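Asks: below are the sequence and a predicted model for it; my questions follow.
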Amino acid sequence: MRLQHTDADEQFRTEWVAWLDANAPAPEEIAADPPRSSGYYPSWGRQWVNRLFDGGWLVPGWPPELGGRNATARQQLVYFEELCAHRLPRSTNWCAIPVVAPLLVGYATDEQRDRFLMPTMRAEISWCLGMSEPSAGSDLGGLRTRAVLDGDRFLVNGQKIWTSGALDSDWCVLFCRTDPDAPKHKGISCLLLDLTLPGVEVRPIDDLHGHPDLCEVFLTDVEVPAENLVGQLNGGWALTQASLAEERATLWIDQVQSGKRAVDALVELARGLGATSELGRCDERVRDIVAGLAIDARAGELLGYRGFHAQERGRSAPQQSLMKLYSSELIQRVTLAGGELLGPAGLHAGDHPAPDLGQGIGSGPSWLAQYLVTFALTIPGGTSDIQRNIIAERVLGLPRR
Ligand SMILES: Cc1cc2nc3c(=O)[nH]c(=O)nc-3n(C[C@H](O)[C@H](O)[C@H](O)COP(=O)(O)OP(=O)(O)OC[C@H]3O[C@@H](n4cnc5c(N)ncnc54)[C@H](O)[C@@H]3O)c2cc1C
């Protein structure tokens, strides 16, 4: 089921799909140089971003001079549906287009926009997002990385952690404390940090499969030009909220599609096992579990459309937190069910490798390895617990903890 679209929206879909079919990078091209991290642009990835920009398909809701075509909200939904269905990333640098570009458009000075916006939109520079610290994740307001304004530069000292793609990024959107005496949310500023500056050290942290996407970033007496301050001095909190909102706003369609893909793979697995073992088709408990998960995937999709519809009518919708929570945990439940269905074989890829779920999750070697990797989906952009707090307070009206 989809939302009821107008003829103009369906025409938009047809045009977009035809364009994708004619211009998308070939699977062999992607396989020859896969994105090794979320800060890395393979040569096909740079070309892809530029092709999207020139075709007016990079940010369809924006005007043509910014790589768009003034698409309506509903057309943008169609855009993401088809992009996910084609399993293509818009950009291999995860935060450049959905987080950094809107931040520059919304808060940067004219000079900063002239310097950074087009190189970002043209994939000439790649970005990472420096928010989390060892003792400031969910409680981002507690961040301690210190930036002291000294004439025409900030002197920056501190440490960031879980910085996705930092090893391959050129620049970092860095949130630092500029007024230690102000209430914690009021003393934060946002700086654009050149990662090649002296005093910056990026150390990768291997994930379960040995991919060094997440990094620690150590900052020792780093001199950042004062002109790299974005927004107001000590006014960075508003920017942290804007970037997280962008991140959550684009996650749900992707996660809904990944959930559906995971369920499809589980159905295939159960069918295959049913033909060869006592499990699968023969076992009513397995049928119940698979059918329940398929229903949940469908319900998640409808929940997303419902929230979108409400937002379109100007009503506030809790869809972003609901969708982030629901779809990330659904993918977890599906991969766990696949692992349990396989029994000990769920520990090895063998004849039943885990499905590729996109979203940078890639394909784990086995269903149970994939299950462990999916925990990563429930953390960034606000953990599941934080989403539950938001839903409890803002949707159900429960008292704050
Ligand atoms: C794959 C991945 C990519 C990431 N990319 C980036 C990135 O690019 N840039 C960046 O800055 N950060 C990034 N992060 C970090 C991420 O934003 C933090 O991990 C997240 O905010 C949680 O913070 P934390 O790890 O410090 O955990 P904590 O905040 O210490 O939380 C620990 C546990 O306590 C729970 N908890 C905390 N507070 C509450 C509360 N108030 N109520 C109930 N439960 C609570 C949490 O849910 C969690 O289970 C990434 C993380 C992951 C996993």
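Replies: Ah, there it is.

Asks: from Thr163, how far out is Ile30?
Replies: For Ile30, the distance to Thr163 under the criterion CB to CB, to the nearest Å works out to 25 Å. All C-beta atoms are positioned from the backbone trio N, CA, C, and that covers glycine.

Asks: the more surrounded of these two?
Replies: Applying other CB atoms under 10 Å to Ile30 and Thr163 shows that Thr163 carries more neighbours, namely 27 against 19.

Asks: what values do phi and psi take at that one?
Replies: With angles defined as degrees, to the nearest 10, Thr163 sits at phi -80, psi 100.

Asks: quick one, what contacts Gln232?
Replies: Contacts for Gln232 were tallied using CB atoms under 8 Å, 6 or more residues apart in numbering; they are Ser189.

Asks: one more: Glu223?
Replies: Glu223 makes contacts with 153-156, 197-199, as judged by CB under 8 Å, 6+ apart.

Asks: so which of those residues comes closest to the ligand?
Replies: The shortest gap between the ligand and any of those belongs to Val156, at 15.4 Å (CB to the nearest ligand atom).

Asks: if I pick the closest one, what's in contact with it?
Replies: Val156 neighbours (CB under 8 Å, 6+ apart): 145-147, 174, 176, 191, 193, 199, 219, 221-224.

Asks: put the buried members of the residues you listed into a ChimeraX selection.
Replies: Taking 16 or more other CB atoms under 10 Å as the burial criterion, the selection of buried members of those in ChimeraX is written as:
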select :145,147,174,176,191,193,219,222,224
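
Asks: make TSV from the contacts of Val156 and add secondary structure, pLDDT and distance to the ligand to it.
Replies: Listed next are those as TSV, based on DSSP: H, G, I helix; E, B strand; the rest coil; pLDDT from 0 to 100; distance: CB to the nearest ligand atom, whole Å:
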residue	secondary structure	pLDDT	distance to the ligand
Thr145	coil	98	11
Arg146	strand	98	17
Ala147	strand	98	16
Leu174	strand	98	9
Cys176	strand	98	12
Leu191	strand	98	14
Leu193	strand	98	13
Gly199	coil	98	19
Leu219	strand	98	13
Asp221	strand	98	22
Val222	strand	98	17
Glu223	strand	98	22
Val224	strand	98	17
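
Asks: between the contacts of Val156, which is closest to Ser328?
Replies: Leu174 (26.5 Å; CB to CB).

Asks: in three-state terms, label Gln311 for me.
Replies: On the three-state scheme (DSSP: H, G, I helix; E, B strand; the rest coil), Gln311 is labelled helix.

Asks: burial count for the residue of the chain found nearest the ligand?
Replies: Here the chain gets closest to the ligand at one residue, Gly137, 1.9 Å apart by CB to the nearest ligand atom. Residues within reach of Gly137, counting by other CB under 10 Å, total 18.

Asks: how about it: what's its closest non-neighbour residue?
Replies: Nearest non-adjacent residue to Gly137, counting by CB to CB, 6 or more residues apart in numbering: Trp162, 7.4 Å away.

Asks: what separates the one you found from Thr120, distance-wise?
Replies: In this view, Trp162 and Thr120 are 22 Å apart by CB to CB.

Asks: comparing those two, which shows the higher neighbour count?
Replies: Counting neighbours by other CB under 10 Å for Trp162 and for Thr120 shows that Thr120 has the greater number, 25 against 21.

Asks: give the contact list for that one.
Replies: Listed by CB under 8 Å, 6+ apart, the contact partners of Thr120 are 96-97, 100-101, 104, 127.

Asks: if we go to 10 Å?
Replies: Counting by CB atoms under 10 Å, 6 or more residues apart in numbering, Thr120 makes contact with 49, 91, 93, 95-97, 100-101, 103-104, 113, 126-127, 170-171.

Asks: list the buried residues of stretch 93-110.
Replies: Going by neighbour count (16+ other CB under 10 Å), the buried part of stretch 93-110 is 93-104, 107-108.

Asks: the residue of the chain closest to the ligand contacts Ile379, doesn't it?
Replies: Yes. Shown here, Gly137 and Ile379 form a contact pair, counting by CB atoms under 10 Å, at 8.3 Å.

Asks: give me the common contacts of these two.
Replies: Overlap between the contact sets of Gly137 and Ile379, as judged by CB under 10 Å, 6+ apart, is given by 162, 386.

Asks: how many other residues sit next to Arg285?
Replies: Counted with other CB under 10 Å, the burial measure for Arg285 works out to 8 neighbours.

Asks: for the residue of the chain closest to the ligand, give its distance to Asp170.
Replies: 25 Å.

Asks: again with Gly350
Replies: Where Asp170 is concerned, Gly350 sits at a distance of 41 Å (CB to CB).

Asks: show me the beta-bridge partners of Arg153.
Replies: Judged by DSSP bridges, the bridge partners of Arg153 are Asp150, Pro225.

Asks: quick one, what contacts it?
Replies: Going by CB under 10 Å, 6+ apart, Arg153 touches 147, 222-228.

Asks: and if we set it to 7 Å?
Replies: With contacts taken as CB atoms under 7 Å, 6 or more residues apart in numbering, Arg153 has the following neighbours: 223-226.

Asks: between these, which is nearest Gln319?
Replies: Nearest to Gln319 among the contacts of Arg153 is Val224, at 37.0 Å by CB to CB.

Asks: isn't that closest one right up against Cys190?
Replies: No. Val224 sits out of contact with Cys190 when judged by CB atoms under 7 Å, with a separation of 11.1 Å.

Asks: contact distance from the ligand - what residues of the stretch 1-150 of the chain qualify?
Replies: By CB under 6 Å from any ligand atom, the residues of the stretch 1-150 of the chain that approach the ligand are 128-132, 137-138.

Asks: at 5 Å instead, please
Replies: Among all residues of the stretch 1-150 of the chain, those adjacent to the ligand (criterion: CB under 5 Å from any ligand atom) are 129, 131-132, 137-138.

Asks: so which of those residues is the most crowded?
Replies: The member of those surrounded by the most neighbours (other CB under 10 Å) is Leu129, with 27 neighbours in all.

Asks: A helix includes that residue, no?
Replies: No. Membership of Leu129 in a helix is not supported by three-state DSSP, which gives strand.

Asks: from Leu140, how far off is it?
Replies: Spatial separation of Leu129 from Leu140 under the definition CB to CB is 11 Å.
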